[in-house]
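1. one predicted model, sequence on top.
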Amino acid sequence: MKLIEKNRSRLPNELEEEFWKGQVYTNFYRLRKFSMILLFADLIFLFTDFINYQKGLWESVPGYRLLFYAHIGLGVAMLLIVTLYWSTKIATVSDVRRKHKYFEYFFAFMSMLVCAVISGWIDQLIHGQITVFILGCFIIALFFYLKPKVSFCVYIISYFILILGIEHQQHIVEVQEGHYINASLLISTAWFLSLTLYKLRVRDFLYHNHLERLVKERTTELEETNQQLTKEVRGRRQIEERVSRLASIVESTNDGIIGMTLDGIIIDWNRGAECIYEYSEAEIIGESVKKLIPSKNCFECDNSLLSISPAMPMTQFETIRQRKDGQLINVCLTVSPIKDQSGEIVGVSTIVRDVTAQKKLEKEMARMDQMNLVGEMAASIGHEVRNPMTTVRGFLQLLEQNKDSDKFSDYIPLMISELDRANSIITEFLSISRTKATEFARLNLNTIINSILPLVQADAISADKWVTTKLEEIPNLLLDDKEIRQVILNITRNGFEAMNEGGCLLIKTCFEDNVVILSIQDEGRGIEPEIMDRLGTPFFTTKEKGTGLGLAVCYGIAARHNATLTLETSPMGSTVYVKFKVK
């Protein structure tokens with residue numbers, strides 16, 4: 001709107017060509033039709049001239065003959081103009097050329113020239129009026145889109161032609177003077193009307209042009225904004241896809257990922273953590289991480305949270321954690337700080353990997369290496385030690401029968417008893433060796449348990465404890481009867497020793513997934529983690545009179561039967577599993 005207020009009648013140079021092209025294009029087809037109308041009107045005029053000729057008016061009034069000639073001239077001019085307009089096609093504004101503008105100038109000039117000649121030179125001889133000139137002036141003002149200078153020139157030239165005609169053809173002074181005044185007022189009024197219409201068209205053009213520019217500017221701004229928004233949306237979509245992909249990875253990984261505040265409150269908990277600790281997300285979110293740490297290791301949490309700093313690298317260490325059921329597990333923790341956009345630490349991220357199975361495998365491999373070493377030692381030196389001991393025991397028995405050794409009668413039985421105890425230890429030691437011959441037969445594990453059950457019950461009654469069995473139907477296995485009996489006796493006696501008076505021992509068998517499982521469960525206080533790590537190690541014992549070979553012997557026997565021996569413990573008791581694969 002500022003452009004319109006600044007210049008209402010004059011076009012800026014950069015818009016002038018655009019304005020006139022639009023004017024020519026808008027008025028082109030209207031003038032083409034108007035030229036056809038004038039051509040048909042001229043035919044009617046010629047027909048009227050013919051009627052006048054028949055009436056004899058050409059002879060009586062010489063002006064009618066001149067009028068005929070004027071109509072001939074008008075017809076030729078209109079025929080030329082019609083040919084120009086109808087032979088030219090303008091489909092769009094961009095098709096407008098400079099010559100098309102001159103078509104309109106020529107049309108307007110020829111029209112006013114004919115009107116001036118007829119009114120000034122011919123009508124003065126007929127009726128003395130300038131009606132045709134008046135009509136021509138207003139037609140030019142209303143139907144032709146001329147520049148002010150062009151319209152002024154057309155009016156002035158036609159005015160002088162009119163005045164010259166009146167001067168030569170009109171001999172009545174009063175009529176001449178009246179025509180001079182009327183013609184002057186007429187062209188002034190017509191030109192003012194043409195100028196006013198021109199200004200209105202200019203103003204309308206500037207207004208629409210301003211609106212178009214505003215629309216274009218706003219459209220450009222909207223397109224830029226849209227492109228920017230599209231780019232941002234695309235970027236956000238990529239970020240969302242990346243976040244979704246990372247979230248999917250976090251949720252699908254077997255490792256537990258835990259996010260917590262600097263106070264140790266859990267705020268993030270993935271599916272891996274749920275599988276490791278057995279706490280659902282609803283159960284653990286908002287709880288302290290200390291809920292996952294054994295009471296004796298709580299200092300680890302405080303130390304980890306206190307050590308968090310911006311320069312803190314990602315740290316990794318192995319430790320013990322506690323599951324929902326109270327079971328202790330070995331885990332590998334990777335701890336790193338969580339930072340916000342400003343780089344400030346707002347929390348702690350912990351990646352948890354359950355390495356309990358790996359630790360068990362490592363311990364099992366170490367134990368097997370120890371068993372192999374001990375077995376080789378047992379095989380190589382066991383017999384060498386037992387033979388001298390047998391000789392010594394024989395001589396002690398001879399001395400005991402000699403009357404001269406009465407003063408040693410209190411010592412000799414003790415010495416023989418200790419030799420027998422040493423011999424039993426060597427016997428157990430020899431049973432560890434893999435080179436010991438094993439006699440396998442197709443037997444049923446339930447039959448062996450039932451055969452040895454009276455002896456186990458006797459041990460239970462003597463210790464004021466109970467023993468129960470739950471034996472399911474199982475297939476026969478290749479077993480060594482004596483070694484399996486030894487395994488059952490060793491494990492049940494360890495279970496009795498772990499329980500208080502009144503405790504109950506459960507012996508159970510079942511068949512699952514092509515595996516026969518023997519489980520012996522006690523109701524003791526459980527086994528400490530540090531002791532669990534060393535169970536099965538030869539000569540390691542927690543008993544005052546134990547040899548530390550009982551469980552080691554059981555591991556050796558299980559290995560010779562291609563079975564696995566595992567232990568599970570909790571404050572409610574311990575369970576030993578011996579699993580035999582069915583062939």
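-> Sure thing, it's come through. Nothing here was measured: the structure is a model prediction, and the numbers come from that model. Numbers count the residues shown, from 1 in each chain.

2. can you list the domains in the protein?
-> 8-220, 253-354, 356-436, 439-581 (automatic domain parsing).

3. any chance of the ones you listed in a markdown table, plus mean pLDDT?
-> Supplementary listing: these in a markdown table, determined by pLDDT from 0 to 100:
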| stretch | mean pLDDT |
| --- | --- |
| domain 8-220 | 86 |
| domain 253-354 | 81 |
| domain 356-436 | 64 |
| domain 439-581 | 84 |
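
4. any chance of CSV for these, columns mean neighbour count and distance to Ile239?
-> Bear in mind the C-beta positions are built from the backbone N, C-alpha and C, glycine included. As requested, the domains of the chain are exported to CSV (neighbours: other CB atoms under 10 Å; distance: least, CB to CB, whole Å):
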stretch, mean neighbour count, distance to Ile239
domain 8-220, 16, 28
domain 253-354, 15, 13
domain 356-436, 14, 37
domain 439-581, 17, 45
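
5. closest to Val243 out of those?
-> domain 253-354 (13.5 Å; CB to CB).

6. that closest one spans what distance, first to last residue?
-> 12 Å (CA to CA, to the nearest Å).

7. next SSE after the longest helix along the chain?
-> Determined from DSSP state H, the single longest helix within the chain is helix 173-252. Moving toward the C-terminus from helix 173-252, the next helix or strand (DSSP states H and E) is strand 256-260.

8. packing partners for that following strand?
-> strand 266-269, helix 271-277, strand 345-354 (3 or more CB pairs under 8 Å, 6 or more residues apart in numbering; DSSP states H and E).

9. residues in contact with the second one?
-> Looking back up the chat, that one is helix 271-277. 251-258, 279-281, 284, 292, 321, 323-324, 329, 331, 352, 354 (CB atoms under 8 Å, 6 or more residues apart in numbering).

10. what does the first one give?
-> With contacts defined as CB under 8 Å, 6+ apart, strand 266-269 is touched by 257-261, 279, 281, 284-289, 347.

11. ok, now which residue in this protein is the farthest from the centroid?
-> Ser60 (101.7 Å; CA atoms, centre = their mean).

12. what pairs with the top strand by length along the chain, parallel or antiparallel?
-> The longest strand of the chain (DSSP state E) is strand 328-339. When pairs are called by DSSP bridges, strand 328-339 turns out to pair with strand 315-322 (antiparallel), strand 345-354 (antiparallel).

13. could you dump these to CSV with distance to Ile134?
-> As requested, the strands paired with strand 328-339 are exported to CSV (distance: least, CB to CB, whole Å):
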stretch, distance to Ile134
strand 315-322, 105
strand 345-354, 91
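
14. quick one, which of the ones you listed gets closest to Phe138.
-> Of all the strands paired with strand 328-339, strand 345-354 sits nearest to Phe138, with 84.6 Å by CB to CB.

15. tell me how far the residue lying closest to Thr566 once chain neighbours are set aside lies from Lys363.
-> In space, and not counting its chain neighbours, Thr566 is closest to Tyr577: 4.9 Å by CB to CB, 6 or more residues apart in numbering. Going from Tyr577 to Lys363 by CB to CB, to the nearest Å gives 16 Å.

16. likewise Gly63?
-> Going from Gly63 to Lys363 by CB to CB gives 137 Å.

17. what does the helix or strand in which Ile166 is found contact?
-> For Ile166, the host element (DSSP H and E) is helix 148-169. Applying CB under 8 Å, 6+ apart, the contact partners of helix 148-169 are 105, 108-109, 112-113, 115-117, 119-122, 124-125, 130, 133, 136-137, 140-141, 144, 146, 176, 179-180, 183-184, 187, 190-191, 194-195, 198.

18. hmm, Arg65 is touching Asn52, no?
-> No - Arg65 is beyond contact range of Asn52, at 9.0 Å (criterion: CB atoms under 8 Å).

19. overlap in contacts of these two?
-> Among the neighbours of Arg65, those also in contact with Asn52 (CB under 8 Å, 6+ apart) are Trp58.

20. got JSON lines for the helices and strands packed on strand 256-260, with distance to Gln170 too?
-> What follows is the helices and strands packed on strand 256-260, written out as JSON lines (distance: least, CB to CB, whole Å):
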{"stretch": "strand 266-269", "distance to Gln170": "108"}
{"stretch": "helix 271-277", "distance to Gln170": "112"}
{"stretch": "strand 345-354", "distance to Gln170": "105"}
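
21. list of residues touching stretch 126-142?
-> 61, 63-64, 67, 108, 111-112, 114-116, 118-120, 123, 146, 151, 154-155, 158, 162, 166, 170, 172, 175, 179, 182-183, 186-187, 189-191, 193-194, 197.

22. switch the cut-off to 6 Å
-> Residues from elsewhere that reach stretch 126-142 (CB atoms under 6 Å, 6 or more residues apart in numbering): 63, 108, 111-112, 115-116, 118-119, 123, 162, 175, 179, 186, 190, 193-194.

23. could you report the pLDDT at the spatially most central residue of the chain?
-> The centre of the chain sits closest to Glu241, judged by CA atoms, centre = their mean, with a distance of 1.4 Å. At Glu241, the pLDDT value in this model is 82.

24. any idea how far it lies from Val467?
-> The value you get for Glu241 to Val467, if CB to CB is used, is 62 Å.

25. Phe317: which of the helices and strands packed on strand 256-260 is closest?
-> Of all these, strand 345-354 comes closest under CB to CB, at 11.0 Å.

26. ok, residues contacting the closest one?
-> Under CB under 6 Å, 6+ apart, the answer for strand 345-354 is 255-261, 276, 308, 329, 331-340.

27. switch to 8 Å and redo it
-> 254-262, 267, 272-273, 276, 289, 304-305, 308-310, 321, 329-340.

28. then stretch 499-511?
-> So stretch 499-511 is contacted by 445-446, 449, 453, 456, 460, 463-475, 488, 492, 495-496, 516-524, 573, 582 (CB under 8 Å, 6+ apart).

29. and what of stretch 84-94?
-> Contacts of stretch 84-94 (CB under 8 Å, 6+ apart): 21-22, 24-25, 28, 31-32, 35, 95-96, 100, 103, 106.

30. return the distance of that stretch from the chain's centre.
-> Taking CA atoms, centre = their mean, to the nearest Å, one finds stretch 84-94 lying 57 Å from the centre of the chain it belongs to.

31. so how far does that stretch reach from one end to the other?
-> 19 Å.

32. what do you get for stretch 519-529?
-> 21 Å.

33. check stretch 322-329 too.
-> With CA to CA applied, stretch 322-329 spans 6 Å between its terminal residues.

34. which SSE is immediately downstream of the host helix or strand of Leu453?
-> Assigned by DSSP H and E, Leu453 belongs to helix 445-462. Using DSSP H and E, the next helix or strand after helix 445-462 towards the C-terminus is strand 466-471.

35. so which elements touch that next one?
-> Against strand 466-471 (3+ CB pairs under 8 Å, 6+ apart) you get helix 445-462, strand 504-512.

36. centre of the chain to the last one, how far?
-> So the one you mean is strand 504-512. 51 Å.

37. that one pairs with which strands?
-> Going by DSSP bridges, the partners of strand 504-512 are strand 466-471 (parallel), strand 515-521 (antiparallel).

38. redo those strands as CSV? Include distance to Phe317.
-> Formatted as CSV, those follow (distance: least, CB to CB, whole Å):
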stretch, distance to Phe317
strand 466-471, 43
strand 515-521, 34
